[in-house]
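Q: Quick one, structure for this:
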Amino acid sequence: MDFGTNKGIYKITCTLTGKFYIGSSVSLKRRKFWHFCQLKHNKHGNQYLQAAYKKYGKEAFVFEIVEFFNEN
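A: Numbering: from 1, shown residues only. Presented below is the predicted three-dimensional model:
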């Protein structure tokens, strides 16, 4: 799915625990990149998400679009 510059609500889920992080962005593609870049470099602002990423690794996480916002 191409969600390049679309606005919306997203969810990052740990598939091993079922726990998730909810957020919104005006650029979903950019936000996804930012989250995983910060997690990879152990600099994410959410300590719980960071700890889970460090414990389970990137493969345990999925980024999903919950809802798109209108471009109006």
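
Q: Could you pull up the mean pLDDT of the lengthiest helix in the chain?
A: In the chain, taking DSSP state H as the definition, the longest helix is helix 28-40. For helix 28-40, mean pLDDT rounds to 96.

Q: which stretches of this protein have low pLDDT?
A: Low-confidence segments of the chain (pLDDT under 70): 1-5, 71-72.

Q: just checking, L39 touches Q47?
A: No. L39 is beyond contact range of Q47, at 11.6 Å (criterion: C-beta atoms under 8 Å). In short, each C-beta sits where N, CA and C put it, glycine included.

Q: Between these two, which has more neighbouring residues?
A: Neighbour count, other C-beta atoms under 10 Å: between L39 and Q47, L39 has more, with 20 against 8.

Q: number of nearby residues for the residue nearest to K32 when sequence neighbours are not counted?
A: What sits nearest to K32 in space, not counting adjacent residues and going by C-beta to C-beta, 6 or more residues apart in numbering, is F63, at 4.9 Å. Per other C-beta under 10 Å, the neighbour tally for F63 reads 16.

Q: quick one, what contacts F63?
A: F63 is in contact with 10-12, 32, 35-36, counting by C-beta atoms under 8 Å, 6 or more residues apart in numbering.

Q: Of these, which is the nearest to N70?
A: Y10 (16.2 Å; C-beta to C-beta).

Q: Pull out the buried residues from the helix or strand containing the closest one.
A: Assigned by DSSP states H and E, Y10 falls within strand 8-14. Buried residues in strand 8-14, defined by neighbour count with 16 or more other C-beta atoms under 10 Å: 8, 10, 12-14.
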